[in-house]
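**Student:** show me how the following folds:
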Amino acid sequence: MLEADRSFAINVVLVTRAFLAGVFAASGGQKFFSLSQFSEIVRSYEIVPPRLVKPFAFAVTICEIAISAFLVIGVYVPLTASIASLLLAVEVYRGGGHQ
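**Tutor:** Have a look, this model is predicted:
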């Protein structure tokens, strides 16, 4: 019975990692191919100085793509999950979506 519980838990973790990898890949990919539009969104939030808007937008985009890749291949999973949680918390805090 204990082996079945362990197997179930491992499957839940793998499915969750795959789902989050898809979310971050889609989000990062959309931002990558619309970087100027995402830069304008970042600029509108006034969270970084104007001269750092484009580098910040690019860094967030690359970070999301890297998180996706790391979750898929299983590299640095605890660190990757922590950074992913932080990015998701920021997204929830600011209201989600691009308003």
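**Student:** F58 contacts L35, doesn't it?
**Tutor:** Yes. Between F58 and L35 there is a contact under C-beta atoms under 8 Å: 6.6 Å. Glycine gets a C-beta too; all of them are placed from N, C-alpha and C.
**Student:** more neighbours: the two, which one.
**Tutor:** F58 (16 against 13; other C-beta atoms under 10 Å).
**Student:** any idea how far I41 is from the more buried one?
**Tutor:** 13 Å (C-beta to C-beta, to the nearest Å).
**Student:** same check, this time on P55
**Tutor:** Taking C-beta to C-beta, one finds P55 at 15 Å from I41.
**Student:** which one's more surrounded, these two?
**Tutor:** I41 (14 against 11).
**Student:** ok, and that one, which helix or strand is that part of?
**Tutor:** helix 35-45 (DSSP states H and E).
**Student:** can you count the residues close to Y93?
**Tutor:** Counted with other C-beta under 10 Å, residues neighbouring Y93 total 8.
**Student:** and the helices in this structure?
**Tutor:** Secondary structure of the chain (DSSP state H): helices at 2-33, 35-45, 53-73, 77-93.
**Student:** packing partners for the longest one?
**Tutor:** If contacts are counted by 3 or more C-beta pairs under 8 Å, 6 or more residues apart in numbering; DSSP states H and E, helix 2-33 sits against helix 53-73, helix 77-93.
**Student:** residues of that helix that come out buried?
**Tutor:** Of all the residues in helix 2-33, those buried under the rule 16 or more other C-beta atoms under 10 Å are R17, L20, A21, V23, F24, A25, S27, G28, K31.
**Student:** same question for the third one.
**Tutor:** Under the neighbour-count criterion of 16+ other C-beta under 10 Å, helix 53-73 has 53-54, 56-58, 60-61, 64-68, 70-71 buried.
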